[in-house]
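Visitor: Just to be clear, the model below is a prediction. Sequence and coordinates:
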Amino acid sequence: MIGYHAVIRRSGEIEFGRHFDDGGAHVIGHNFRSVGICLVGGVDAAGEPENNFTAEQFESLRALIDMLQRAYPNATALGHRDLSPDIDGDGLVSEAEWLKDCPCFDVRDWL
């Protein structure tokens, strides 16, 4: 079974994996209190992180987040990288502390 609750294909099609009430396997330490959404893409031809998602993916992501925020009104939408540990203990997770670059854009700014 896939570790994510939803995968958004390049076409914008949403494929569902785990049930939203079931813990995922997408980010260590947060799987049982989060919903994991994966966007296909996010790397360039050399395998480096890149925000190369399609307009259709962003449209589907917006609709999915809107639905989830109605179901879980106290939830906060974040990227995987935002759940990296605060290694230097300054209260912020800086780019140097990211364990992963995904989703290759700032979710809070995008919202």
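Guide: Thanks, I have the structure now.
Visitor: State whether residue 59 and residue 12 are indeed in contact, as I suppose.
Guide: Yes: applying Cβ atoms under 8 Å, one finds residue 59 in contact with residue 12, separated by 5.9 Å. All C-beta atoms are positioned from the backbone trio N, CA, C, and that covers glycine.
Visitor: And these two? Which one has more around it.
Guide: Using other Cβ atoms under 10 Å as the criterion, residue 59 and residue 12 rank with residue 12 on top: 16 against 12.
Visitor: Please tell me I have it right and the more buried one contacts residue 60.
Guide: Yes: counting by Cβ under 8 Å, residue 12 does reach residue 60; the two are 4.3 Å apart.
Visitor: Need the residues touching each of the two.
Guide: With Cβ atoms under 8 Å, 6 or more residues apart in numbering applied, the contact sets of residue 12 and residue 60 do not overlap.
Visitor: Could I get the buried residue list for the helix of greatest length in the chain?
Guide: With secondary structure taken from DSSP state H, the chain has its longest helix at helix 55-71. Across helix 55-71, burial judged by 16 or more other Cβ atoms under 10 Å covers 57, 58, 60, 61, 64, 65, 68.
Visitor: and which of the residues you listed is nearest to residue 81?
Guide: residue 61 (15.7 Å; Cβ to Cβ).
Visitor: Torsion angles phi and psi at the nearest residue in space to the closest one that is not next to it in sequence?
Guide: Nearest non-adjacent residue to residue 61, counting by Cβ to Cβ, 6 or more residues apart in numbering: residue 8, 5.9 Å away. Residue 8 has phi and psi values of phi -110, psi 110 when expressed as degrees, to the nearest 10.
Visitor: number of nearby residues for residue 8?
Guide: As a burial measure, residue 8 scores 25 neighbours (other Cβ under 10 Å).
Visitor: now swap in the one 10 residues further on and tell me
Guide: By the criterion of other Cβ under 10 Å, residue 18 has 19 neighbours.
Visitor: Tell me who's in contact with the residue lying closest to it once chain neighbours are set aside.
Guide: In this structure, residue 18 finds its nearest non-sequential neighbour in residue 5, 5.0 Å apart by Cβ to Cβ, 6+ apart. By Cβ under 8 Å, 6+ apart, the contact list for residue 5 reads 16, 17, 18, 19, 20, 24, 35, 36, 37.
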